Structures are given as structure tokens and as C-alpha cells.
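Enquirer: Only the shape, not the letters, is given here:
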């Protein structure tokens, strides 16, 4: 991984930010710690429970708790393309 990433659209919630950041790393597993840092979430335990575990249970990402690695699933990529990216584009037009 090279450098820190950040979502500049502050209107996106943490789940959307995590999906978008993973979308920017196709075919790559990202350490949960790094994703936590990129989102600038305030509490690591809450991030794992409220963001990673929920997205994992929705089958939008794969979160391996043993290795602490996260990958975007095909259905997660579809959500980014159909919902998250249009939100960002709509925000730019207003």
C-alpha cells in the first residue's frame, strides 16, 4: 500500500467510505487497521462492529477476522457503482 487515502466527500457514511476505499484497491486485500485509518473513524472496536462486520454480513465485503484483512466482494463493487459513485456525482452537481 502506498500512502494514506481519504474520502473527501464528508457526506458519505463510514460504510460507504469503506466500500469506496476498497473499490479503489481492486483485487487487493487491505488490512483492517489501514482501512480504519483511512476512514478516520474515532473508535476501532466500533468500526469493526458497525462497519466491517455489518458489511461482511451483508456480503458486501469479506472480512477475515483472523488475518484482519478486508476485500471488496463483487456485490460490494456493484453497490459502489450503482449507489455510492452516483451520490458523489450528484453532490458535485449541486
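Expert: Perfect, I can see it now. Source: prediction; values computed, not measured.
Enquirer: Going along the chain, name the helices of the protein.
Expert: Taking DSSP state H as the test, the helices found in the chain are 14-23, 32-39, 44-46, 53-57, 74-79, 85-93.
Enquirer: So for residue 3, which of those helices sits nearest?
Expert: helix 32-39 (10.1 Å; Cβ to Cβ). From N, CA and C alone the C-beta is placed, and that goes for glycine too.
Enquirer: how far away is the residue nearest the centre of the chain from residue 93?
Expert: Centroid check for the chain by Cα atoms, centre = their mean gives residue 18 as the closest residue, at 1.3 Å. Here residue 18 is placed at a distance of 24 Å from residue 93 (Cβ to Cβ, to the nearest Å).
Enquirer: Check residue 44 too.
Expert: Distance from residue 44 to residue 93, by Cβ to Cβ: 35 Å.
Enquirer: now residue 66
Expert: Separation of residue 66 from residue 93 (Cβ to Cβ): 43 Å.
Enquirer: repeat for residue 69
Expert: 36 Å.
Enquirer: Have a look at those two and say which one is more surrounded.
Expert: residue 69 (17 against 5; other Cβ atoms under 10 Å).
Enquirer: Which residue, neighbours along the chain excluded, lies closest to that one?
Expert: Distances taken as Cβ to Cβ, 6 or more residues apart in numbering place residue 29 nearest to residue 69, at 4.1 Å, with adjacent residues excluded.
Enquirer: Which elements pack onto the helix-or-strand element of the chain with minimal mean pLDDT?
Expert: Ranking every helix and strand in the chain by mean pLDDT, DSSP states H and E puts helix 85-93 at the bottom, with a mean of 85. Of the remaining helices and strands, none touches helix 85-93 by 3 or more Cβ pairs under 8 Å, 6 or more residues apart in numbering; DSSP states H and E.
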